[in-house]
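*Asks:* Model the structure of this input:
(one chain, ligands or ions: 1)
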Amino acid sequence: MLILEGVAKEYNLKPILEDIHLSLEPGQVYALTAPNGSGKTTLLQMMAGLVRPTRGRVLWDGGPIRTTHRRHFGVLLQQPMLYGDLSASENLAFYARLYGLPQHRQLVQSWLEQVGLGDTAAQRVRSFSKGMKQRLALARCFIHKPDVLLLDEPFDGLDERGRAILTRLFEQRINDGASVFLVTHREDEVRIAARRYTLRFGRVTAC
Ligand SMILES: Nc1ncnc2c1ncn2[C@@H]1O[C@H](COP(=O)(O)OP(=O)(O)OP(=O)(O)O)[C@@H](O)[C@H]1O
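*Replies:* This is a model prediction of the structure:
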């Protein structure tokens with residue numbers, strides 16, 4: 001379980017986030033709506049242990065979050081974190097190795113097929129459309145079966161088929177007991193969340 005206790009972040013003494021309390025329970029979906037520049041990327045990075053809070057604590061399973069907990073998290077930020085000069089399968093294989101996943105060749109191929117990129121496995125990612133990059137980035141987020149998904153606008157750029165694929169992936173992870181934390185501005189996505197929050201003026205409030 002992921003817990004934020006009174007988390008605050010300042011950059012160059014400028015407050016970005018203040019006194020944030022959140023608990024992500026297994027098998028639950030959370031949605032956050034936040035205007036541009038409000039600090040959502042910073043919040044997701046702190047939740048994943050990628051950025052340290054200025055004050056407060058981020059706890060994973062009762063202890064302070066560490067970079068070694070990385071494999072528990074699937075994180076999608078505005079940048080898809082893909083390598084344009086590598087093929088789709090090389091990109092996924094890179095992350096599979098990073099997470100120490102066994103038999104990653106078969107795993108990579110099965111994930112490419114799951115997200116509808118089986119036929120373009122050898123193609124360089126720089127030639128991909130926005131939707132294809134998004135599907136590959138999602139495969140990167142899900143490949144290690146994370147316990148917590150922290151996703152900024154995951155449906156962005158997806159067509160109907162892509163949205164159906166992502167909805168199915170969510171259902172599988174939620175059934176396995178994962179927590180899903182979505183940043184979104186879309187009402188239909190907010191509806192799938194049991195708990196909804198807004199981020200405004202540095203503070204997260206339930207709505
Ligand atoms: N590493 C950093 N150093 C200094 N300031 C930063 C840093 N990262 C973010 N900021 C500042 O913190 C504020 C919030 O940034 P952040 O990227 O978290 O917001 P966001 O809501 O994700 O923005 P966007 O909607 O544009 O993606 C911005 O004013 C940004 O300039």
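*Asks:* Close to the ligand: what parts of the chain are there?
*Replies:* Counting by C-beta under 6 Å from any ligand atom, the residues of the chain lying close to the ligand are Tyr11, Asn12, Ile16, Ala34, Asn36, Gly37, Ser38, Gly39, Lys40, Thr41, Thr42, Gln78. Where C-beta positions appear, they are placed from N, C-alpha and C, glycine not excepted.
*Asks:* Just the buried ones among those, please.
*Replies:* Ile16, Ala34, Ser38, Gly39, Lys40, Thr41, Thr42 (16 or more other C-beta atoms under 10 Å).
*Asks:* Just the ones of those residues in helices?
*Replies:* Members of these lying in helices (criterion: DSSP state H): Lys40, Thr41, Thr42.
*Asks:* which of those lies closest to Lys133?
*Replies:* Among those, Thr41 lies closest to Lys133 (C-beta to C-beta), at 17.8 Å.
*Asks:* That closest one and Ala48: what is the separation?
*Replies:* According to C-beta to C-beta, to the nearest Å, Thr41 stands 11 Å off from Ala48.
*Asks:* go on, Leu24?
*Replies:* Taken as C-beta to C-beta, the span from Leu24 to Ala48 is 11 Å.
*Asks:* Mind listing the shared neighbours of the two?
*Replies:* Residues touching both Leu24 and Ala48 by C-beta atoms under 8 Å, 6 or more residues apart in numbering: Val148.
*Asks:* Can you check the distance spanned by stretch 200-207, start to finish?
*Replies:* End-to-end distance of stretch 200-207 (C-alpha to C-alpha, to the nearest Å): 12 Å.
*Asks:* starting at the chain centroid, how far to it?
*Replies:* Taking the mean of its C-alpha atoms, stretch 200-207 sits 20 Å from the chain's own mean (C-alpha atoms, centre = their mean, to the nearest Å).
*Asks:* Identify each buried residue in it, please.
*Replies:* In terms of neighbour count (16+ other C-beta under 10 Å), stretch 200-207 has its buried residues at Gly202, Val204.
*Asks:* And for it, what's in contact with it?
*Replies:* For stretch 200-207, contacts defined as C-beta under 8 Å, 6+ apart pick out 15-22, 32, 34-35, 38-39, 43, 195-198.
*Asks:* In the protein, what residue spans correspond to helices?
*Replies:* Using DSSP H, helices in the chain cover 40-47, 88-98, 104-114, 130-142, 160-175, 187-190.
*Asks:* Quick check: Gly6 vs Arg52, distance?
*Replies:* From Gly6 across to Arg52, the span is 14 Å (C-beta to C-beta).
*Asks:* Counting by contacts, list what the helix or strand of the chain with the lowest mean pLDDT packs against.
*Replies:* When the helices and strands of the chain are scored by mean pLDDT, DSSP states H and E, helix 187-190 comes last with a mean of 78. Where contact means 3 or more C-beta pairs under 8 Å, 6 or more residues apart in numbering; DSSP states H and E, helix 187-190 is packed against strand 29-33.
*Asks:* per-residue confidence at the nearest residue to Pro53 once chain neighbours are set aside?
*Replies:* In this structure, Pro53 finds its nearest non-sequential neighbour in Val7, 4.6 Å apart by C-beta to C-beta, 6 or more residues apart in numbering. On pLDDT, Val7 comes in at 98.
*Asks:* No more questions from me, cheers.
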